[in-house]
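# Starting from these lines, generate the structure:
(2 chains)
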There are 2 protein chains.
Amino acid sequence: MSEHNQRILLASRPDGKPAPEHFKFDSVPVGEPADGQVLLKVLFLSLDPYMRGRMNAGKSYAKPIEVGDVMEGGTVARVVRSRHPDFAEGDVVLSYSGWQSYAVADGATVRKIDASAAPVSTALGVLGMPGFTAYAGLLTIGQPQRGETVVVAAASGAVGSAVGQIAKIKGARAVGIAGGADKCAFLRDELGFDAVVDHRAPDFAAQLEAACPQGIDVYFENVGGHVWDAVFPLLNDFARVPVCGLIAQYNDTAPRPGPDRLPGVMREILSRSLLIRGFIQREFVDQRPAFEREMAAWIACGQVRYREDIVDGLEAAPQAFIGLLEGRNFGKLIVRVGE
Amino acid sequence: MSEHNQRILLASRPDGKPAPEHFKFDSVPVGEPADGQVLLKVLFLSLDPYMRGRMNAGKSYAKPIEVGDVMEGGTVARVVRSRHPDFAEGDVVLSYSGWQSYAVADGATVRKIDASAAPVSTALGVLGMPGFTAYAGLLTIGQPQRGETVVVAAASGAVGSAVGQIAKIKGARAVGIAGGADKCAFLRDELGFDAVVDHRAPDFAAQLEAACPQGIDVYFENVGGHVWDAVFPLLNDFARVPVCGLIAQYNDTAPRPGPDRLPGVMREILSRSLLIRGFIQREFVDQRPAFEREMAAWIACGQVRYREDIVDGLEAAPQAFIGLLEGRNFGKLIVRVGE
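Sure, this is the predicted structure:
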């Protein structure tokens, strides 16, 4: 095969915000699939906040990417050669092949996508890991009840937009927090959120309080930082907080100055009987079939809408990822790697 | 009736540690029960850490005691006059009549105790609110599994000693944290804890780590402060933390100096999929009959043992309560008010 595999590697570990120099481009010959493997040509690469954690050394829920390795990520790809009986040339699959234009993968690690059901890129967003994260975290941990108030941060993102819309389907009141007038208008006018608050507003905390006159029963945490600070005093007794992400603090390099807020937060957890629960979606894998069935139906009947922010070319991935951590994307961020 | 009712009132709100001047003694005529009421002579008064919170103004899970009001608390009492059809003179009842020697109570607010089943004082401890707090918090939130490690702070107290013993019954490994050699020996030798660590030891954190070679799956939080600091790094992925009390910080008057540990704790909640859940027992009231049945059986067959720390005379209550907040009691702290 004369084509080369374009790759983006982790060049060095960022100390704080990632910058272009933390990524390295290279080009290597396309690999050959062994027995039981497939050769994939990547069509779409998903960019997600969790990748920032993988760039660090140290313990988390997944092992870090090693310096010099290909950056990790979910992809939609086309099978261009198959040595696995379940896959034929031309099949479109979901894989975890990372930031590169070709990949050799074990057949057991990829899964066929029905390309007739929805645009295949949705397998990286509303019908994929981010949509499932919203579904499992909100319904299993958040457990919104009819008439309750659900607040979600990063509400125009891939996870947040699904959280708010599922909350509405369950009869709760959905309040979104997003950055900027465009995102807020989209949530209110296109997705039907009951209220939207711009976290960049100087009176953000007061606006959030006004948007939640009955307090907050479920807070789906994607952000941390000053968004948490505004939400926390509004949590009702028995409120549930699924902790899905903390994008505001992923780039922190040093402990924040005092006072130490932990004792006060623990006191409120006790006196208001709060539930705080970190999670990642793979813990709930047995709910995945129900999610796929329900979400496909909600999309088909217009109860869940989604927005994609597609950038062109693998070479654009580092800047797009840096922008994601600063909230510059608008919708699920995806890189179109191949045609 | 010629007897007087001796009472202890909240004289003023403590700013930090309570002291004798925050309590005021008085004596008033014994009240007369109206129709549907009973007159009670108090036998035993329970002293519990939660009372410190009630002495403060401000929102918590219960409204504060007003300055000038009788201090609140659970009691075991004898009916000395009844104008309620369900109660007769001589009945022994559980009531919430506070720090006084007599009380008039609505019949609907008191409950008869079977004085033949166990010493009536246990209705304030292992068979009462503290035992039920341990049972509901550990089993419903902590959900210990066979072979897991359960750590409990304030382990020789009324709640903690029940937590450790119930954990053992469920097949978990029970590790107790207590202050002082006597309490540690009691937990190990009398109650059968698998390991015990003295939080006053200079190398407390290292000792705790050594006592938990498989990490910690359930931490039943009664304390906060430096005990939390030693426990938190040892929590396993998917660990559960029922937050029942924070006695180390009840007397705090000002925020603690920095750095701010909250962002780091939130990051670990996320990366280790931790569950932190504040609670009070009355939320689980529907489990109370099961608790009473199971706990009575466990006591009868020696699987749960208990220790009471009984002080004599209502006038001793303020000093005993001040000592409770400093860990000076040894077992369930009870005041013998009347014979």
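# in stretch A:235-254, what counts as buried?
Neighbour counts over stretch A:235-254 (16 or more other C-beta atoms under 10 Å in any protein chain shown) mark A:235-236, A:239-250 as buried. From N, CA and C alone the C-beta is placed, and that goes for glycine too.
# Can you measure across that stretch, start residue to end residue?
With C-alpha to C-alpha, to the nearest Å as the measure, the ends of stretch A:235-254 fall 28 Å from one another.
# Can it be said to contact chain B?
Yes. For stretch A:235-254, a contact with chain B is found by C-beta under 8 Å from any C-beta of the partner chain, at A:237-238, A:243-246, A:249, A:252.
# Now, the residues you listed that are in strands?
Per DSSP state E, strands hold the following members of these: A:237-238, A:243.
# For the nearest residue to residue A:247 once chain neighbours are set aside, give its distance to chain B.
Once flanking residues are discounted, residue A:247 sits nearest to residue A:49: 4.9 Å by C-beta to C-beta, 6 or more residues apart in numbering or on different chains. Residue A:49 sits 11 Å away from chain B, going by C-beta to the nearest C-beta, to the nearest Å.
# How about residue A:31?
32 Å.
# what about the nearest residue to that residue once chain neighbours are set aside, is that helix, strand or coil?
Closest residue to residue A:31 apart from its sequence neighbours, by C-beta to C-beta, 6+ apart: residue A:104 at 4.1 Å. With DSSP: H, G, I helix; E, B strand; the rest coil as the basis, residue A:104 sits in strand.
# bridging residues for residue A:104?
Note on residue A:104: beta-bridge partners by DSSP bridges are residue A:39.
# ok, it touching residue A:42?
No. With contact defined as C-beta atoms under 8 Å, residue A:104 and residue A:42 do not form a contacting pair (11.8 Å).
# So between those two, which is more surrounded?
residue A:42 (25 against 17; other C-beta atoms under 10 Å in any protein chain shown).
# elements contacting the one helix or strand that one maps to?
Element membership for residue A:42, per DSSP states H and E: strand A:37-46. On a contact count with 3 or more C-beta pairs under 8 Å, 6 or more residues apart in numbering or on different chains; DSSP states H and E, strand A:37-46 meets strand A:75-82, strand A:92-95, strand A:102-106, strand A:332-336.
# tell me what the host helix or strand of residue A:241 is packed against?
Residue A:241 belongs to strand A:235-243 when assigned by DSSP H and E. On a contact count with 3+ C-beta pairs under 8 Å, 6+ apart, strand A:235-243 meets strand A:216-220, strand A:275-278, helix B:262-271.
# So the second one, near chain B or not?
Yes. Taking C-beta under 8 Å from any C-beta as the criterion, strand A:275-278 and chain B are in contact, through A:275-278.
# what's the closest of the helices and strands packed on strand A:37-46 to residue A:199?
Taking C-beta to C-beta, strand A:332-336 is the member of these nearest to residue A:199, at 18.9 Å.
# average pLDDT for that closest one?
Mean pLDDT, computed over strand A:332-336, is 96.
# can you list contacts of it?
Strand A:332-336 is contacted from outside by A:43-48, A:121, A:124-126, A:130, A:157-158, A:306-314, A:316-317, A:320-321, A:324, using C-beta atoms under 8 Å, 6 or more residues apart in numbering or on different chains.
# 6 Å instead, please
Around strand A:332-336, the neighbours that count as contacts under C-beta atoms under 6 Å, 6 or more residues apart in numbering or on different chains are A:44-47, A:121, A:124-125, A:158, A:308-312, A:317, A:324.
# mind listing what residue A:152 touches?
A:160, A:163-164, A:176, A:220.
# related to what we said a few turns ago, check the helices and strands packed on strand A:37-46 for me and report the most buried one.
strand A:332-336 (a mean of 24; mean count of other C-beta atoms under 10 Å in any protein chain shown).
# Next, give phi and psi for the residue in chain A that chain B sits nearest to.
When scored by C-beta to the nearest C-beta, chain A has residue A:258 as its residue closest to chain B, at 1.7 Å. In terms of degrees, to the nearest 10, the main-chain angles of residue A:258 are phi -80, psi -180.
# which residues does it contact?
Contacts for residue A:258 (C-beta under 6 Å, 6+ apart) come out as B:257-260.
# Neighbours of residue A:265, how many?
Neighbours around residue A:265, by other C-beta under 10 Å: 19.
# Mind pulling the model confidence for it?
Per-residue confidence (pLDDT) for residue A:265: 95.
# for residue A:59, same thing?
Looking at residue A:59, its pLDDT is 64.
# likewise residue A:249?
Here the pLDDT value assigned to residue A:249 is 82.
# That one and residue A:205, how far apart?
Here residue A:249 is placed at a distance of 18 Å from residue A:205 (C-beta to C-beta, to the nearest Å).
# What is the end-to-end distance of stretch A:123-132?
10 Å.
# cool, and stretch A:216-227?
In stretch A:216-227, first residue to last residue: 13 Å (C-alpha to C-alpha).
# now do stretch A:115-129
17 Å.
# quick one: average pLDDT of stretch A:156-174?
Throughout stretch A:156-174, pLDDT has a mean value of 97.
# returning to that earlier point: so the residue nearest to residue A:247 sits against residue A:245, correct?
Yes. Assessed by C-beta atoms under 6 Å, residue A:49 is found in contact with residue A:245 at 5.5 Å.
# is chain B contacted by stretch A:204-218?
No. Stretch A:204-218 stays clear of chain B (C-beta under 6 Å from any C-beta of the partner chain), getting no nearer than 12.1 Å.
# picking that back up, ok, which of the helices and strands packed on strand A:37-46 comes nearest residue B:18?
Ranked by C-beta to C-beta, the member of these that lies closest to residue B:18 is strand A:332-336, at 55.5 Å.
# partner strands of that closest one, parallel or antiparallel?
Here strand A:332-336 is paired, per DSSP bridges, with strand A:37-46 (antiparallel), strand A:308-312 (parallel).
# Mean neighbour count, these: which tops it?
strand A:37-46 comes out most buried of those by mean count of other C-beta under 10 Å, with a mean of 24.
# ok, and the closest non-adjacent residue to residue A:28?
Setting aside the residues directly before and after it, residue A:28 is nearest to residue A:5 in space (C-beta to C-beta, 6+ apart), at 5.3 Å.
# Tell me the pLDDT of that neighbour.
pLDDT recorded at residue A:5 is 97.
# list the contacts for it?
Applying C-beta under 6 Å, 6+ apart to residue A:5 gives the contacts A:28, A:30, A:100-102.
# near chain B, which residues of chain A?
A:60-61, A:224, A:243, A:246, A:249, A:255-263, A:265-266, A:269-271, A:273-279.
# of those, buried ones?
By neighbour count, with 16+ other C-beta under 10 Å, the residues of chain A next to chain B hold A:60-61, A:224, A:243, A:246, A:249, A:256, A:260-263, A:265-266, A:269-271, A:273-279 as buried.
# Nearest spatial neighbour of residue A:47, chain-adjacent residues omitted?
Closest to residue A:47 by C-beta to C-beta, 6+ apart is residue A:333, at 4.5 Å.
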